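S.K.: Generate a structure from the sequence data that follows.
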Amino acid sequence: MIACIAAIVLLIAADQAVKFWVVENLAEGASAPLIPGFVELLRLHNYGAAWSSFYGMRYLLIAVTVALMAVVAALAIKRVIRHPAGLAAVTLVLAGGIGNLIDRVRLGYVVDMFNFQFMSYPVFNVADICVVFGVILLVVYYFLFYEKYDAPKKPDRGAEHGEHEEGDAP
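M.R.: This next block holds a predicted model:
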């Protein structure tokens, strides 16, 4: 659990450091090449959520983010999720959610900066990367590992009905 907390802190710090650098070095709407022809830094302020959905609903987005982060944290704290893949997913989702929450509370918007130049895709940030990869990993974890490692164990049906294995005492 301590490793997860340390990773969350480091990922939030990375997110905030990149956002700080972009704000200090680019005017809103300005861009700079990062990997020419592939991705550029483009400073945008997102007043909504993904793809600017819920635009201008700052307090609703704050409340929903806090609630979701509390649920995700509770899954880890109560040890509902114990498998390393699940814990990595929770770590990424929490780091990304908290990183964007900091912006939304402090600034009223989220600073986005990564813009793919070879395709039309929303501008995003480090926290968004954490959330997306965390959710993908959470889905993989659920379908491949949850049932085997973390799901509550189902009682043996034979034991429920008084049936016994051969050689067991009645």
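
S.K.: element containing the closest residue to residue 54 other than its chain neighbours, please.
M.R.: Excluding its sequence neighbours, the residue lying closest to residue 54 (Cβ to Cβ, 6 or more residues apart in numbering) is residue 48, at 4.9 Å. Heads up, the C-betas are built off the backbone N, CA and C, glycines and all. Using DSSP states H and E, no element contains residue 48; it sits outside every helix and strand.

S.K.: In contact with the residue nearest to the spatial centre of the chain, which residues?
M.R.: In the chain, the residue lying closest to the centroid (Cα atoms, centre = their mean) is residue 93, at 1.8 Å. Residues in contact with residue 93 (Cβ atoms under 8 Å, 6 or more residues apart in numbering) are 72, 130, 131, 134, 135, 138.

S.K.: what's around the last one, how many residues?
M.R.: By other Cβ atoms under 10 Å, 21 other residues sit near residue 138.

S.K.: doesn't residue 91 make contact with it?
M.R.: No. When contacts are counted by Cβ atoms under 8 Å, residue 138 is not listed as touching residue 91 (10.6 Å).

S.K.: show me what contacts the residue nearest to residue 54?
M.R.: Taking Cβ under 8 Å, 6+ apart as the definition, contacts of residue 48 comprise 54, 55, 56, 57, 61.

S.K.: Need the phi and psi values for the nearest residue to residue 32 once chain neighbours are set aside.
M.R.: Distance criterion Cβ to Cβ, 6+ apart; nearest residue to residue 32, sequence neighbours excluded, is residue 41 at 4.8 Å. Reported as degrees, to the nearest 10, the phi and psi values for residue 41 are phi -90, psi 120.

S.K.: again, but for residue 31
M.R.: Torsion angles at residue 31 (phi, psi; degrees, to the nearest 10) stand at phi -130, psi 160.
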